[in-house]
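Next comes the sequence, and after it the predicted model I'd like to discuss.
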Amino acid sequence: PQVSRADLSCLPDELAAQTFDSVSPTQPFQMTIPLKRWISGQPRESLVQLEVFSSGEIENAFEMKARFRPDFEGVSLPYNIYAILVVVNGDVEAWWDFTGNCKGAGIGIFPGQEVKLPHIKWRGSNQQSLQIMLWGR
C-alpha cells in the first residue's frame, strides 16, 4: 500500500505576521504591521514592517509595501519575505510564493529599501474582512 504525505515546505512553521481586520473599501485606511523574527523559538519584533493601505491612486483596491522602519538608520542583514497569503471575506485573493517553490531565497529587504507588492482589488463596496499572513525571517 502506498501512503501519501504532504510535501515538506521551506516556509517557516511560524508566521512573521498575521492580521485580521474589517475594512471599508470606500474609506481610506492604513495599517502598519511589524514583522516578527524568531529567536530560540520566541517571537521578537523585527525592524521591518508591512504597510497595508488604500491610497486612492488605484481605484477600488489596496496596496502593500514592506520596508525597514523609517526611523532605522543602521546597517542590517536583509529580512527575507518568503510568501504572503491574502484572504478577503474568507476567499483567497492572493498567494505569492517568492521562493519559487523553494528554489529561491524570497525577497530580501535591506535598510532604506522599499518593496511594493502587487495591489489587490476589492470585490464590492461593503465592509470586508481582510486577513493577511506573511512568512519571513
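Arrived safely. Quick caveat: nothing in here was measured; it's all calculated off a predicted structure.

Walk me through which strands the longest strand along the chain pairs with, and which way each runs.
Here the longest strand in the chain is taken by residue count, with DSSP state E as the criterion, and it is strand 42-53. Paired neighbours of strand 42-53 in the sheet (DSSP bridges): strand 30-39 (antiparallel), strand 61-68 (antiparallel).

Tell me which of those is the most buried.
Mean neighbour counts were taken over these using mean count of other C-beta atoms under 10 Å, and the top value, a mean of 19, falls to strand 61-68. Every C-beta, even on glycine, is put in place using the N, C-alpha and C of the backbone.

what's the next secondary structure element after it?
Next along the chain after strand 61-68, taking DSSP states H and E as the criterion, comes strand 79-88.

and stretch 72-83, how far apart are its ends?
24 Å (C-alpha to C-alpha, to the nearest Å).

got it, and stretch 123-131?
Counting by C-alpha to C-alpha: the opening and closing residues of stretch 123-131 are 15 Å apart.

swap in stretch 51-63?
Using C-alpha to C-alpha, the end-to-end distance of stretch 51-63 comes out at 8 Å.

and it, how far out from the chain's middle?
15 Å (C-alpha atoms, centre = their mean, to the nearest Å).

buried residues in that stretch?
The neighbour-count check on stretch 51-63 (16 or more other C-beta atoms under 10 Å) flags Glu51, Val52, Ser54, Phe62, Glu63 as buried.
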